[in-house]
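Participant: whatever this is, show me its structure:
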Amino acid sequence: MIDTVVSGILPDEWWATIARLSNLAAAALFIVGIKMLGSPATARRGNWLAAVGMAMAIGVTLLDRSAVNYGALVLTLAIGSVIGLVAAKRVAMTDMPQMVGLLNGLGGAASALVAAAEYWRITNLGEPVAADTAVTVIAGLLIGGITLTGSFMAFAKLQGLVTGAPITFPLQQPVNLGLLAAFIGGSAYLLMHPGDLTMMWVLTAIALVQGVMVVLPIGGADTPVVISVLNSLSGLAASAAGFVLGNEMLVIAGALVGASGLILTQIMCKAMNRSLTNVLFGAFGSGATTAGEGATGEANGNQVVRSIDPEEGAMMLGYARSVAIVPGYGMAVAQAQHAVRELADQLQRMGVEVRYAIHPVAGRMPGHMNVLLAEANVPYSQLCDLDDINPDFDQVDVALVIGANDVVNPDARDNPHSPIYGMPILEVDRAKHTIVIKRSMNPGFAGLDNALFYDDKTMMLFGGAKEKVSELVTSVKDLS
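Facilitator: This next block holds a predicted model:
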């Protein structure tokens, strides 16, 4: 029913047609925007298109629905927009996964609140609660509650507020199953006794606890996958809220978010050669073997680490014909992408072919490295994914690994006993020489020793990524 703000300007049936066409256009912008996010070259434009679609959807919804107080709505929209703009401007690119986690949680909270408020409204009006409405409300409470607390717990793990190691305790899985059984039992009771607000709040509390319990046993290396799963759940929660309100635009937008989050989850699981059930219930990393605090020239058993200084590294890079730069999360943390771009530019002036080898889960989420490098204006044509560059590593003179660990570990290919065996890696060990910039011999997210570091062709350049890359730039310039 068209709101009185617009009623009378045009016939109601005209406004209904305009609203449907606007929703269709918004949905099309969402789809095109998501498609364009798949490439670094078009991602910025795709983000803008999706934002325009969201603005259209919000505008049409405000015109098409009765509102208690438009002034309050405009005020809250303005406040939220300012907070979002400031947060987007201030968040570091390395913290983007945490930002996504927070936004997922807020999306889940909004969906759960909408479901609860609509159920409360129907109950207070004394109207009968239809079975389909009750089911969608229950689904919204479950998915929204789990998304809220699960996302906040994932944020805390990534931010270091909670240990990144899996947190387990005796009878953990039976407790989780008990919570799920309690929620199912409570849901059945609510369907048989519609209008029981106390049971609704009990179900909400169970869902919130379940969200924490699901994420607790997940290790830091798998937390980005969980954030992707929660992103998908936030979309499903939004769709459930759309069904509750009878808002088709919310249903469509939620379905798109849910589907894209699921696809992203599949990409990440495939890149780690792990199933989603293993990620969620495997407590990966709790028993992994680790390397010691090795430094220059230290041995690990019968294996020896070979180190170089920036001057030697510069000579290897400057006199190479082909260099492959492999960025990892260590580069992201150090904010070294601009120094890396400067090094690549200097090498290209000396006639060296430079490419960037990007693993799908380099950093903490797919596309993370691409965004960081794009921020430093690295040409898209130099970015190569795993399938494109792996066949060429035999012809690469020097592979420069900057802060990457698990994604270049040859054990994933060669050691059937390794927990990461079968995980696709960047096969830098096949290059003629490898330089690894790393602070120490500490293991990566998976907590595993890396056979690459002890390879005869590998040279370790110990230190912070930004500092050592800058020293390489200076030394390469001295060669020219």
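Participant: can you pull out the helices in the stretch 151-300 of the chain?
Facilitator: Along the stretch 151-300 of the chain, counting by DSSP state H, counting those that start in this stretch, helices occupy 172-192, 197-215, 223-245, 248-272, 276-281.
Participant: and if you look at the stretch 301-450 of the chain?
Facilitator: Using DSSP H, counting those that start in this stretch, helices in the stretch 301-450 of the chain cover 310-318, 329-334, 337-349, 368-375, 386-389, 411-414.
Participant: any idea how far the longest one is from the chain center?
Facilitator: Spelled out, that is helix 337-349. Distance, stretch centre to chain centre, for helix 337-349: 28 Å (Cα atoms, centre = their mean, to the nearest Å).
Participant: repeat for the first one
Facilitator: Between the centre of helix 310-318 and the centre of its chain there are 35 Å (Cα atoms, centre = their mean).
Participant: who's in contact with it?
Facilitator: Applying Cβ atoms under 8 Å, 6 or more residues apart in numbering, the external contacts of helix 310-318 come out as 308, 323, 343, 347, 350, 352, 398, 400, 433, 435, 459, 461, 468, 471-472, 474-476, 478-480. Any C-beta I mention is one placed from the backbone N, CA and C, and that applies to glycine too.
Participant: would you mind listing the buried residues in that helix?
Facilitator: By neighbour count on 16 or more other Cβ atoms under 10 Å, the buried set for helix 310-318 is P310, G313, A314, M316, L317, G318.
Participant: look at the first one and report its pLDDT.
Facilitator: Read that as P310. pLDDT for P310: 90.
Participant: repeat that for D406.
Facilitator: At D406, the pLDDT recorded in the model is 83.
Participant: neighbours around it, how many?
Facilitator: 24 (other Cβ atoms under 10 Å).
Participant: doesn't P424 make contact with it?
Facilitator: No. At 11.2 Å, D406 does not count as touching P424 under the criterion of Cβ atoms under 8 Å.
Participant: any common contacting residues for those two?
Facilitator: In contact with both D406 and P424: A412, using Cβ under 8 Å, 6+ apart.
Participant: dump the helices of the stretch 301-450 of the chain to JSON lines, plus distance to A27.
Facilitator: Converted to JSON lines, the helices of the stretch 301-450 of the chain look like this (distance: least, Cβ to Cβ, whole Å):
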{"stretch": "helix 310-318", "distance to A27": "49"}
{"stretch": "helix 329-334", "distance to A27": "34"}
{"stretch": "helix 337-349", "distance to A27": "35"}
{"stretch": "helix 368-375", "distance to A27": "26"}
{"stretch": "helix 386-389", "distance to A27": "32"}
{"stretch": "helix 411-414", "distance to A27": "41"}
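Participant: who wins for proximity to A88 among the ones you listed?
Facilitator: In this view, the helices of the stretch 301-450 of the chain are compared for proximity to A88 by Cβ to Cβ, and helix 368-375 is the closest at 12.9 Å.
Participant: could you say what helices and strands that closest one packs with?
Facilitator: helix 96-124, strand 322-327, helix 329-334, helix 337-349, strand 353-358 (3 or more Cβ pairs under 8 Å, 6 or more residues apart in numbering; DSSP states H and E).
Participant: next one: T198 from Q210, what distance?
Facilitator: 19 Å (Cβ to Cβ, to the nearest Å).
Participant: so between those two, which is more surrounded?
Facilitator: Neighbours per residue (other Cβ under 10 Å) separate T198 from Q210, with Q210 holding more: 21 against 8.
Participant: about what we covered before: select, out of the helices and strands packed on helix 368-375, the one closest to S228.
Facilitator: helix 96-124 (8.6 Å).
Participant: compute the distance from the centre of the closest one to the centre of its chain.
Facilitator: That offset, for helix 96-124, works out to 20 Å (Cα atoms, centre = their mean).
Participant: so which bits of that helix are buried?
Facilitator: 96-116, 118-119, 122-123.
Participant: cool, and stretch 207-225?
Facilitator: Those would be 207-225, for stretch 207-225 by 16+ other Cβ under 10 Å.
Participant: kindly report the same for stretch 187-201.
Facilitator: Applying 16+ other Cβ under 10 Å to stretch 187-201 flags S187, L190, P194, G195, M200 as buried.
Participant: and L276, how close does it get to R121?
Facilitator: Distance from L276 to R121, by Cβ to Cβ: 37 Å.
Participant: same check, this time on L373
Facilitator: 49 Å.
Participant: got it, and D397?
Facilitator: Distance from D397 to R121, by Cβ to Cβ: 68 Å.
Participant: list the contacts of D414.
Facilitator: D414 touches A451, counting by Cβ under 8 Å, 6+ apart.
Participant: mind redoing it with 10 Å?
Facilitator: The contact partners of D414, taken as Cβ atoms under 10 Å, 6 or more residues apart in numbering, are Y421, D429, A451.
Participant: V436 too?
Facilitator: Contacts of V436 (Cβ under 10 Å, 6+ apart): 305, 307, 326, 328, 330, 399-405, 408, 428, 450, 452-453, 455, 458-462.
Participant: mind listing which of the residues you listed are in strands?
Facilitator: V326, A399, L400, V401, I402, T458, M459, M460, L461, F462 (DSSP state E).
Participant: turn those residues into a markdown table, including distance to A240 and pLDDT.
Facilitator: Listed next are these as a markdown table, based on distance: Cβ to Cβ, whole Å; pLDDT from 0 to 100:
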| residue | distance to A240 | pLDDT |
| --- | --- | --- |
| V326 | 42 | 93 |
| A399 | 48 | 94 |
| L400 | 48 | 95 |
| V401 | 44 | 93 |
| I402 | 43 | 92 |
| T458 | 51 | 91 |
| M459 | 55 | 92 |
| M460 | 51 | 92 |
| L461 | 52 | 91 |
| F462 | 51 | 91 |
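Participant: relative to P360, how far out is the closest residue to I402 other than its chain neighbours?
Facilitator: Sequence neighbours aside, M331 is the residue nearest to I402 in space, at 4.4 Å (criterion: Cβ to Cβ, 6 or more residues apart in numbering). Per Cβ to Cβ, M331 is found 16 Å from P360.
Participant: and for I184?
Facilitator: 36 Å.
Participant: the more surrounded of M331 and P360?
Facilitator: M331 (28 against 20).
Participant: so that one makes contact with A404?
Facilitator: Yes. Counting by Cβ atoms under 10 Å, M331 does reach A404; the two are 7.8 Å apart.
Participant: show me the contacts for A25.
Facilitator: Neighbours of A25 in contact, by Cβ under 10 Å, 6+ apart: V52, G53, M56, A57, V60.
Participant: now list the buried members of those residues.
Facilitator: G53, M56, A57, V60.
Participant: just checking, the last one touches N23?
Facilitator: Okay, so that is V60. Yes. Between V60 and N23 there is a contact under Cβ under 10 Å: 6.1 Å.
Participant: need the residues touching each of those two.
Facilitator: By Cβ under 10 Å, 6+ apart, the residues touching both V60 and N23 are M249.
Participant: for V473, phi and psi?
Facilitator: Dihedral pair for V473: phi -60, psi -50, per degrees, to the nearest 10.
Participant: next up, the contacts around it.
Facilitator: P310, A314, A339, V340, R341, E342, L343, A344, D345, Q346, L347.
Participant: dump those residues into a markdown table; add distance to P174 as well.
Facilitator: Shown next, in a markdown table, are the contacts of V473 (distance: Cβ to Cβ, whole Å):
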| residue | distance to P174 |
| --- | --- |
| P310 | 55 |
| A314 | 58 |
| A339 | 51 |
| V340 | 49 |
| R341 | 52 |
| E342 | 56 |
| L343 | 54 |
| A344 | 54 |
| D345 | 58 |
| Q346 | 59 |
| L347 | 57 |
